[in-house]
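In: sequence? don't have it. structure:
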Ligand SMILES: Cc1cc2nc3c(=O)[nH]c(=O)nc-3n(C[C@H](O)[C@H](O)[C@H](O)COP(=O)(O)OP(=O)(O)OC[C@H]3O[C@@H](n4cnc5c(N)ncnc54)[C@H](O)[C@@H]3O)c2cc1C
Ligand code: FES
Ligand code: FES
């Protein structure tokens, strides 16, 4: 249970880190919170030749509002994001979802960028980023680019990250006050990775649903917006209880549930249906946003 | 920049329980192994070594973290506090007494991690509900007690703290 030997580098600026990453590419691993990388190294699932520790690079953990965009540095710790007033005010979905991410001590180290780079299908943050239409900002020694969360996640532990790229920050659009978001998940124990979860939002004009976002985690290989389900809600009156029944039935044909593992496909579908009912019944509670 | 080859050790200086320490460590050594084997501070325990059990909890820069998921070399320049030095802490003291009163330990392997995590909870929220206590301790495994007595003990400590004005030590 000890990691294989590796070289250790702790660059004190971003450019040095990017040059190291360019020189070592797939042989390198970025060490951010270490709450997934170090377990993988201890279990020898990962044995990088060089570990590039980004914890001494300044300005990678700032949370700021820039016009109508909330910008979160990639190295922001889960607990700092969870307790941020700016996040509570401008992206309350994240505050709700982060309460379900791991445990206190893990959240004190684990980071938003690390969670997105890892792309665990059962992780909360990737699904929230797709739900909110976030942009993930990537840097390499050659330049920078920004990838929409919807294009970033590609499969189980698979993302659009190139081997020489680092996530530097995440840009989240601030939604207007007529949107309500909710988050629910089902886990065996609080803080464990979810069996399934749902990030859900609706925009209202009075009692009429104007727009909708629905993104599951733990159900499919990677998070994506379920356009058919969203369409089933758009244009309906929130008091019309027929909508949720229709949407729940649509899930069976819309979802491509993960196979294998401990849980049969049918069970994942059942959880997804339960989650949609829970989110639907809570999303019009005026006390939440 | 701090760059090494495979067999190098790296010099670190840090503060542990208020004492300045300098040492050379291998990059692959964990913080908790360094504290136990390098410094003889055996209060933090090593259980699973992949973050799930919480026996290795230590405080880094005022926050409880897994000692098995931080490399010793990452602690360079940091302030570390371990359970070994924490008995005078108001919250830890109240918890120690309550764990004793409520028989919230059997083998004691999980206890130091439990107490550090419970103390962090009480520092943030002196009157947690049972639900909040269970949430805060959800990342700590106990293979003996069945948890009920541990939750009782944290509640007992919370009541004792609220009966004592803050800043004062509890009577020994
Ligand atoms: C007991 C336990 C329970 C957990 N429960 C949950 C849970 O319920 N939900 C959940 O979502 N997570 C959970 N986690 C994982 C935790 O949230 C991790 O912190 C997170 O997944 C990874 O973040 P990190 O900063 O620790 O990344 P690291 O472990 O440092 O890195 C993870 C991977 O991402 C890469 N990487 C990191 N940062 C960057 C970057 N900026 N750019 C490019 N690549 C990067 C690394 O090279 C590595 O491959 C749990 C972990 C543990 C130990
Ligand atoms: S030994 Fe660190 S969490 Fe189990
Ligand atoms: S008392 Fe034995 S593990 Fe908790």
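Out: Done, it's in. These numbers come from a predicted model, not from an experiment. Ligands and ions are numbered 1, 2, ... in the order given.
In: and the residue of the stretch 1-150 of chain A found nearest ligand 2, what does it touch?
Out: Of all residues in the stretch 1-150 of chain A, residue A:105 sits closest to ligand 2, at 7.9 Å by CB to the nearest ligand atom. For glycine as for every other residue, the C-beta is placed from the backbone atoms N, C-alpha and C. Counting by CB atoms under 8 Å, 6 or more residues apart in numbering or on different chains, residue A:105 makes contact with B:54, B:57, B:64, B:65, B:66, B:117, B:139.
In: Distance check, the fourth one against residue B:49.
Out: Going from residue B:65 to residue B:49 by CB to CB, to the nearest Å gives 14 Å.
In: So if I had to pick from the two, which one is more boxed in?
Out: residue B:65 (28 against 23; other CB atoms under 10 Å in any protein chain shown).
In: Name the residues of the strand or helix carrying the more buried one that are buried.
Out: For residue B:65, the host element (DSSP states H and E) is strand B:63-66. Within strand B:63-66, the residues that qualify as buried are B:64, B:65, B:66, counting by 16 or more other CB atoms under 10 Å in any protein chain shown.
In: does any part of that strand sit near ligand 2?
Out: Yes - counting by CB under 6 Å from any ligand atom, ligand 2 is contacted by strand B:63-66 at residue B:66.
In: Outside of that strand itself, list whatever touches it.
Out: Under CB under 8 Å, 6+ apart, the answer for strand B:63-66 is A:35, A:79, A:104-106, A:108-109, B:51, B:54, B:56-59, B:116-117, B:120.
In: cutoff 7 Å now
Out: A:104, A:105, A:106, A:108, A:109, B:51, B:56, B:57, B:58, B:116, B:117, B:120 (CB atoms under 7 Å, 6 or more residues apart in numbering or on different chains).
In: For the top helix by length along chain B, what is the distance to the chain centroid?
Out: As assigned by DSSP state H, the longest helix anywhere in chain B is helix B:148-163. A distance of 18 Å separates the centroid of the chain from that of helix B:148-163, by CA atoms, centre = their mean, to the nearest Å.
In: packing partners for it?
Out: Contacts defined by 3 or more CB pairs under 7 Å, 6 or more residues apart in numbering or on different chains; DSSP states H and E place helix B:148-163 against helix B:90-101, helix B:111-124, helix B:130-136.
In: hey, which of the ones you listed is tucked in deepest?
Out: A comparison of the helices and strands packed on helix B:148-163 by mean neighbour count, using mean count of other CB atoms under 10 Å in any protein chain shown, puts helix B:111-124 on top with a mean of 23.
In: Spatially, what comes nearest to residue A:190 if we skip its sequence neighbours?
Out: residue B:138 (4.5 Å; CB to CB, 6 or more residues apart in numbering or on different chains).
In: helix, strand or coil for the one you found?
Out: coil (DSSP: H, G, I helix; E, B strand; the rest coil).
In: Equivalent analysis for residue A:214, please.
Out: Secondary structure, three-state DSSP: residue A:214 is strand.
In: where's it relative to residue A:197, distance?
Out: For residue A:214, the distance to residue A:197 - CB to CB - is 12 Å.
In: Repeat that for residue B:112.
Out: 33 Å.
In: Equivalent analysis for residue A:40, please.
Out: Applying CB to CB, the value for residue A:40 to residue A:197 is 23 Å.
In: which of these two has more neighbours?
Out: Between residue A:40 and residue A:197, counted using other CB under 10 Å, residue A:197 has the larger neighbour count: 29 against 17.
In: Tell me, what's the model's pLDDT at the more buried one?
Out: For residue A:197, the pLDDT comes out at 98.
In: Could you look up the SS state of it?
Out: Relying on three-state DSSP, one would call residue A:197 strand.
In: how far away is the nearest residue to it once chain neighbours are set aside from ligand 1?
Out: Of all residues not flanking residue A:197 in the chain, residue A:185 sits nearest, at 3.1 Å (CB to CB, 6+ apart). Distance, residue A:185 to ligand 1, by CB to the nearest ligand atom, to the nearest Å: 9 Å.
In: Can you tell me how far residue A:185 is from residue A:221?
Out: Here residue A:185 is placed at a distance of 17 Å from residue A:221 (CB to CB).
In: Between the two, which is the more surrounded one?
Out: residue A:185 (27 against 17).
In: on contacts alone, who are the packing partners of the helix or strand containing the more buried one?
Out: Secondary-structure assignment from DSSP H and E places residue A:185 in strand A:179-186. When contacts are defined as 3+ CB pairs under 7 Å, 6+ apart, strand A:179-186 sits against helix A:92-98, strand A:196-205, helix A:265-282.
In: could you give me the average pLDDT of the first one?
Out: Going back to what we said before, that points to helix A:92-98. 98.
In: residues making contact with that helix?
Out: Helix A:92-98 is contacted by residues A:78, A:81-82, A:87-88, A:124, A:128, A:131-132, A:181-183, A:199, A:201, A:289 when judged by CB under 7 Å, 6+ apart.
In: That one: how far from the chain's middle?
Out: Worked out by CA atoms, centre = their mean, helix A:92-98 lies 10 Å from the chain centre.
In: Which SSE is immediately downstream of it?
Out: Using DSSP H and E, the helix or strand that follows helix A:92-98 towards the C-terminus is helix A:104-107.
In: Now restrict the contacts of helix A:92-98 to buried residues only.
Out: Among those, those classed as buried by 16+ other CB under 10 Å are A:78, A:81-82, A:87, A:124, A:128, A:131-132, A:181-183, A:199, A:201, A:289.
In: would you turn those into JSON lines with distance to ligand 3?
Out: Formatted as JSON lines, the buried ones among the contacts of helix A:92-98 follow (distance: CB to the nearest ligand atom, whole Å):
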{"residue": "A:78", "distance to ligand 3": "26"}
{"residue": "A:81", "distance to ligand 3": "31"}
{"residue": "A:82", "distance to ligand 3": "28"}
{"residue": "A:87", "distance to ligand 3": "35"}
{"residue": "A:124", "distance to ligand 3": "29"}
{"residue": "A:128", "distance to ligand 3": "35"}
{"residue": "A:131", "distance to ligand 3": "39"}
{"residue": "A:132", "distance to ligand 3": "40"}
{"residue": "A:181", "distance to ligand 3": "39"}
{"residue": "A:182", "distance to ligand 3": "36"}
{"residue": "A:183", "distance to ligand 3": "32"}
{"residue": "A:199", "distance to ligand 3": "36"}
{"residue": "A:201", "distance to ligand 3": "42"}
{"residue": "A:289", "distance to ligand 3": "41"}
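In: And the residues you listed, which is closest to ligand 1?
Out: The closest of these, once distances to ligand 1 are taken by CB to the nearest ligand atom, is residue A:124, at 5.0 Å.
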